[in-house]
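> next input, structure requested:
(chains A and B)
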Amino acid sequence: MTKGNAKPGSLLIKGGHLIDPAAKINAPMDVLLRDGRVAEIALPNKVRGSADEKFDARGLIVAPGFIDLHVHLREPGQNYKETIASGTAAAAAGGFTSVCTMPNTAPVVDTAEWVAWLRNPERGAVVNVFPIAAATRSSRGAALTDFAALQRAGAVAVTDDGKPILDDEIMSAALRSGAELNLPVVQHAEDTRLTESCSMHEGPTSFRLGLRGMPAAAEANVVDRDVNLAQQIRGSRLHVAHLSTADALKAVRRGKRSGHNTRVTCRVTCEVTPHHFTLLDEDVGEYNTNFKMNPPLRSAADREAILVALADGTVEAIATDHAPHATHEKQVEFERASFGITGLETALALAITKLHREHKIPLTRIVELFTSGPARVFDFPGRGSLARGSFADVTIFDPKKRWTFESAKSRSLSHNTPFDGWQFVGKVVATVVGGRVVYRAD
Amino acid sequence: MNKPARGSLLGIEHLEEKEILGLLKLARRMNPLKARPLLRNKRVVLLFYEASTRTRSSFEIAAKALGATTTLVQSSGSSIEKGESLLDTGYTLRAVGFDAIVIRHPAAGAPHLMAKHLDIPVINAGDGMHEHPSQALLDAFTILKHKKSFKGLQVAIIGDIFHSRVTRSNCHLLTKFGVKITLCGPPEFVPEVSTTLAPGLRITRHIEEALRGADVIMLLRLQKERLAGQKIRLQDYIARYQMTAARLKLARRDAIVMHPGPIIRGLELTAEVADGPQSTIIDEVHNGVPTRMAILARALSKAK
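This is a model prediction of the structure:
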């Protein structure tokens, strides 16, 4: 989604270390981009083609452009929280070249017209925007939207994010329609009958703070049910959004096994957020609303299970669930505060600082979780890898750079992050979309 | 975001033992009948978002006994009704010229939000299901009037622990002094997680077991509507957990029966127990005034 003017020329990324898990490359390589595509990948100094511009990537990792399967850019209707322009600027600063937007806007993105509106260059996006459309009209959970029309308009998946589809019939119907079109159904797994007026995870911390807690089972039960439904529908594709509990992972593993072993093949995938692999429910402290999100921060055992699943491949993608909110929506009583935190600009830093350095997950696996993993979940042909002919979306980062995140300097319109002032290792240096540098660190 | 202003009292959990003992000592020196103008020219606002009889009136009497002026602001009849946020109400009261805010609020953590953004002391008069620190202090004050010290005491707390801010504060306070507490009630009201609140807590589902050897029995009000949708029926609850004169005999002979009020006779306790010689229910209300005088004096004067 380039702006149209200034046709991308050619760019040689030189001297960097290429990690491209899909192409099984983990070696020093130069990358030549031309006309919005990857023209050539070669050993250092062996690129034959010439380039208008060069990027010195010595000491840096060069990776396929990062894909975020789960962001809230708040347009249409809530541009005091975020706009597509500001949200994609934050995405670029976080190394994301593609973001998938959630439909819980005002109005809900439940028509082809709104999908097209989101993709219109006039929105001012600086990275690729892939809309996820509502699965039911106004996300009321009653009547399915027109999946075929939404898909034709450019929707990459359907969901009622924030409002889970609890009705068995409707969820089955969504999976069936999705199966016919090879369209994933994304579920925000929460049995809202168990979470009414709850504002955090149910456990010792919620008890101590006198807050009603969401039981882990509220998530796991829905994932379990969804896997059962998916297993009955050939070709269905179920994607579990922001998975946060150990029991939900068990259900996902069950779904993945059945996908291979039974006659009815379904695909079950899942994503995990940086805050769920980093923080615990107890980090809420004394009612800090920047630690309030849905699903909530969970127990140490849940986080442990997530770390294992990130390492062993059960989880396909790290997704931010970037959820900007205005200050006045967060500086209120904890129970009244909006759910959600921003996350685009801290995702890679958290992955390197926590997953790589602390938990020893290899950098190649981390890159996979940001690139080929999410590309497979929603089928993004030509993305998630830098194989010759792919889209010229590239993320360049310094895995050793130490820096301090300051939310005041964020590109997002909102500053509701728990990571203000955190010291990180690993920083995005440049983000290239369609062959053009859209972000460069100072 | 800042630290709470000096003299704030947001909860018992993070108070040190010596601060608690200091407050109790100060409370013993307070005499509501003898005016002591420690807080002359001080203005205290009582900001009540929830109904209250004893907490509100005793904070008011306490402030006036120390020479302060008080103003009551309630959610109905104020700008809160018009949708003013908690913080904006706080900023407004600060600008009007109040020196301290006593706040009761249905949301847990509301006083903490105020204290983070205001430079005047904030006193928690009960926040949701979280804490009710002045009640725990007056309960401790009452216990020490009847018992020599906290040492070796066994306390039974019976009823709806889950929804009780009084219990949370009492558990924090008493366990800091090594008191052993037995929490008693059905799983809906006393979930297993309750014991993680503080060291020295245990759970029993049988009131007889809770009472055996108890020096202090704390009862809690049962809100009938909270039984709605639960497995246990009102009659069963009364049969299993009501405090009766017969059951009271299981406790130590000098055991005291406490209740933060309001009491519902015939529900969590019989009238016989409420009015009996071991009941300190009225005494607690009485002790609320000097305790809250101490809390206000700590907040606004140099009295130690």
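> okay, how far is it across stretch B:13-22, tip to tip?
Taking C-alpha to C-alpha, to the nearest Å, stretch B:13-22 runs 16 Å from one end to the other.
> same question for stretch B:225-237.
Start and end residues of stretch B:225-237 are separated by 13 Å (C-alpha to C-alpha).
> what helix or strand is residue B:218 on?
strand B:216-219 (DSSP states H and E).
> got the contact list for that strand?
Contacts of strand B:216-219 with the rest of the structure, by C-beta atoms under 8 Å, 6 or more residues apart in numbering or on different chains, involve B:139, B:143, B:147, B:153-159, B:167, B:170, B:211, B:243, B:248, B:251, B:255-260, B:263, B:268-269. Backbone N, C-alpha and C define where each C-beta goes, glycine included.
> need the contact list for the nearest residue to residue A:304 once chain neighbours are set aside.
Nearest non-adjacent residue to residue A:304, counting by C-beta to C-beta, 6 or more residues apart in numbering or on different chains: residue A:246, 7.7 Å away. For residue A:246, the contacting residues are A:216, A:301, A:302, A:304, A:305, A:306, by C-beta under 8 Å, 6+ apart.
> same question for the host helix or strand of residue A:275, mean pLDDT?
Under the criterion of DSSP H and E, residue A:275 resides in helix A:274-278. Summarised as a single mean, pLDDT over helix A:274-278 is 98.
> residues near residue B:74, how many?
Counted with other C-beta atoms under 10 Å in any protein chain shown, residues neighbouring residue B:74 total 17.
> surely residue A:170 forms part of a helix?
Yes. If the criterion is DSSP: H, G, I helix; E, B strand; the rest coil, then residue A:170 is within a helix.
> that one against residue A:140, yeah?
No. Using C-beta atoms under 8 Å, residue A:170 is not in contact with residue A:140, being 10.0 Å away.
> measure residue A:50 to residue A:31 for me?
From residue A:50 across to residue A:31, the span is 14 Å (C-beta to C-beta, to the nearest Å).
> ok, these two, which is more surrounded?
Each of residue A:50 and residue A:31 has its neighbours counted (other C-beta under 10 Å); residue A:31 has more, 26 against 9.
> would you map the strands across the stretch 201-304 of chain B?
For the stretch 201-304 of chain B, the strands defined by DSSP state E, counting those that start in this stretch cover B:201-204, B:216-219, B:256-258.
> show me the contact partners of the shortest one.
In other words, strand B:256-258. Against strand B:256-258 from outside (C-beta under 8 Å, 6+ apart): B:139, B:142-143, B:146-147, B:215-219, B:243, B:248, B:269, B:273, B:276, B:278-281, B:284.
> ok, now stretch A:25-36?
Stretch A:25-36 has contacts (C-beta under 8 Å, 6+ apart) with A:2, A:7-20, A:38-47, A:49, A:51, A:62, A:364, A:386, A:391-392, A:394, A:432, A:434-435.
> do that again at 6 Å, thanks
Contact with stretch A:25-36 is made by A:8, A:10-14, A:17-19, A:39-42, A:44, A:47, A:49, A:62, A:364, A:392, A:434-435, as judged by C-beta atoms under 6 Å, 6 or more residues apart in numbering or on different chains.
> just those: which are in strands?
A:10-14, A:17-19, A:39-42, A:62 (DSSP state E).
> so among these, which ones count as buried?
The neighbour-count test (16 or more other C-beta atoms under 10 Å in any protein chain shown) marks A:10, A:11, A:12, A:13, A:14, A:17, A:18, A:19, A:39, A:40, A:41, A:62 as buried among these.
> and the pLDDT at the residue in the stretch 51-200 of chain A that chain B sits nearest to?
Residue nearest to chain B within the stretch 51-200 of chain A: residue A:199 (8.9 Å; C-beta to the nearest C-beta). The confidence metric pLDDT takes the value 97 at residue A:199.
> got it, and residue A:4?
Looking at residue A:4, its pLDDT reads 42.
> return the residues of chain B in contact with chain A.
Applying C-beta under 6 Å from any C-beta of the partner chain, we find that chain B lies next to chain A at B:87, B:107, B:108, B:109, B:110, B:112, B:128, B:129, B:130, B:193, B:196, B:197.
> would CSV of these with distance to residue A:326, pLDDT and secondary structure be doable?
Shown next, in CSV, are the residues of chain B next to chain A (distance: C-beta to C-beta, whole Å; pLDDT from 0 to 100; DSSP: H, G, I helix; E, B strand; the rest coil):
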residue, distance to residue A:326, pLDDT, secondary structure
B:87, 14, 96, helix
B:107, 19, 96, coil
B:108, 23, 97, coil
B:109, 20, 98, coil
B:110, 20, 98, helix
B:112, 21, 98, helix
B:128, 24, 95, coil
B:129, 28, 96, coil
B:130, 26, 98, coil
B:193, 34, 98, helix
B:196, 35, 98, helix
B:197, 35, 98, helix
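> would you turn those into a markdown table with neighbour count?
What follows is the residues of chain B next to chain A, written out as a markdown table (neighbours: other C-beta atoms under 10 Å in any protein chain shown):
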| residue | neighbour count |
| --- | --- |
| B:87 | 17 |
| B:107 | 24 |
| B:108 | 25 |
| B:109 | 29 |
| B:110 | 28 |
| B:112 | 25 |
| B:128 | 23 |
| B:129 | 23 |
| B:130 | 27 |
| B:193 | 17 |
| B:196 | 14 |
| B:197 | 19 |
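> which of the residues you listed lies closest to residue B:233?
Residue B:233 has its nearest neighbour among the residues of chain B next to chain A in residue B:129, at 23.2 Å by C-beta to C-beta.
> and that closest one, what does it touch?
A:210, B:108, B:163, B:165 are the contacts of residue B:129 under C-beta under 6 Å, 6+ apart.
> relative to chain B, how far out is the first one?
Here residue A:210 is placed at a distance of 3 Å from chain B (C-beta to the nearest C-beta, to the nearest Å).
> for residue A:170 and residue A:140, indicate the residue with more neighbours.
Between residue A:170 and residue A:140, residue A:170 has the larger neighbour count (other C-beta under 10 Å), namely 18 against 13.
> picking that back up, for residue A:165, which of the strands of the stretch 201-304 of chain B is the nearest?
Between the strands of the stretch 201-304 of chain B, strand B:201-204 lies closest to residue A:165; by C-beta to C-beta that is 38.1 Å.
> which elements pack onto that closest one?
With contacts taken as 3 or more C-beta pairs under 6 Å, 6 or more residues apart in numbering or on different chains; DSSP states H and E, strand B:201-204 sits against strand B:180-184.
> given the strand it packs on, what are its sheet partners and their directions?
strand B:154-158 (parallel), strand B:201-204 (parallel) (DSSP bridges).
> winner for burial among these?
Among those, strand B:154-158 has the highest mean neighbour count (mean count of other C-beta atoms under 10 Å in any protein chain shown), at a mean of 26.
> and the next helix or strand after that one, what's buried?
Next along the chain after strand B:154-158, taking DSSP H and E as the criterion, comes helix B:165-176. Buried residues in helix B:165-176, counted by 16+ other C-beta under 10 Å: B:165, B:166, B:167, B:168, B:169, B:170, B:171, B:172, B:173, B:174, B:175, B:176.
> how many residues are close by residue B:228?
Neighbours of residue B:228 using other C-beta under 10 Å come to 8.
> then residue A:310?
23.
> and what about it, helix, strand or coil?
From three-state DSSP, the assignment for residue A:310 is helix.
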